[in-house]
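[1] can't give you the sequence, but here's the structure:
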């Protein structure tokens, strides 16, 4: 998956990780890339290696794109559960992204956890 879908600079970073960390980082990157191609409206018609991201920061950034200025995008990743990751991509720099955690209480009842 890494060789087939990610940009060369992303592959170089991922190859420096141990196997367990690489697996987690690859899925985090995949989620960000998927959010981005959905936000562009192109979906999988846009090659995943046609742009690159640096997802290692608190606030991931688009580092290379042929579509638009990298500075136009807000990218955020989150982990709602240790086994899952998600991402949001918005073509704007003036966006605040928050996510809330829910704790199951009983059928149909959840507690919002800050």
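    Here it is on my side, so go on. What you see is a predicted model; the values in this text were computed from it and never measured.
[2] List the contacts of residue 36.
    51, 53, 62, 73, 75, 89 (Cβ atoms under 8 Å, 6 or more residues apart in numbering). Any C-beta I mention is one placed from the backbone N, CA and C, and that applies to glycine too.
[3] now those in JSON lines, with pLDDT and neighbour count?
    As requested, these are arranged in JSON lines below (pLDDT from 0 to 100; neighbours: other Cβ atoms under 10 Å):
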{"residue": "51", "pLDDT": "91", "neighbour count": "22"}
{"residue": "53", "pLDDT": "92", "neighbour count": "27"}
{"residue": "62", "pLDDT": "86", "neighbour count": "22"}
{"residue": "73", "pLDDT": "88", "neighbour count": "23"}
{"residue": "75", "pLDDT": "91", "neighbour count": "23"}
{"residue": "89", "pLDDT": "92", "neighbour count": "24"}
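[4] Assign the nearest residue to residue 66 once chain neighbours are set aside to helix, strand or coil.
    Excluding the flanking residues, the one nearest residue 66 by Cβ to Cβ, 6 or more residues apart in numbering is residue 50, at 6.1 Å. Secondary structure assignment for residue 50 (DSSP: H, G, I helix; E, B strand; the rest coil): coil.
[5] contact partners of stretch 44-59?
    5-10, 13, 25, 28-29, 32-33, 36-37, 40, 60-67, 74-77.
[6] Show me where the protein dips below the pLDDT cut-off.
    67-68, 70, 114 (pLDDT under 70).
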